[in-house]
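Peer 1: need coordinates for the following:
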Amino acid sequence: MKTAEIRRRWLTYFGENGHTVVPSASLVSDDPSLLFTVAGMVPFIPYLSGVVPAPYPRATSVQKCIRTNDIEEVGKTPVTARSSR
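Peer 2: Have a look, this model is predicted:
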């Protein structure tokens with residue numbers, strides 16, 4: 001199964017069960033304390049903190065985000081001992 005299919009099934013399931021399907025927010029965060037969106041919940045912070053009333057009672061989404069804490073490690077694969085043939 002491909003990632004796009006998993007994403008589609010996730011959104012379809014929750015959308016059919018009463019959640020509002022919300023599109024992914026920009027990677028550039030509206031939060032002045034963040035340069036990028038580093039977690040999928042960042043776009044929902046104003047609603048979760050009560051600063052802004054939530055526009056929907058339940059939501060589902062697949063959010064883009066950038067991992068920065070371990071950016072130096074992304075793409076590296078640990079070297080493992082190869083078994084003899």
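Peer 1: how about the CA coordinates for the lowest-mean-pLDDT helix or strand in the chain, as PDB?
Peer 2: The weakest-scoring helix or strand in the chain, judged by mean pLDDT, DSSP states H and E, is helix 45-48 (a mean of 90). What follows is helix 45-48, C-alpha atoms only, in PDB (Å, rounded to 0.1, in the frame of the first residue of the first chain):
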ATOM      1  CA  ILE A  45      -2.800  25.500  18.700                       C
ATOM      2  CA  PRO A  46      -5.100  28.600  18.600                       C
ATOM      3  CA  TYR A  47      -8.100  26.300  18.900                       C
ATOM      4  CA  LEU A  48      -6.600  24.000  21.500                       C
END
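Peer 1: which strand or helix spans the nearest residue to residue 74 once chain neighbours are set aside?
Peer 2: Of all residues not flanking residue 74 in the chain, residue 67 sits nearest, at 6.8 Å (Cβ to Cβ, 6 or more residues apart in numbering). Using the backbone N, CA and C atoms, a C-beta is placed for each residue, glycine as well. Taking DSSP states H and E as the definition, residue 67 sits outside all helices and strands.
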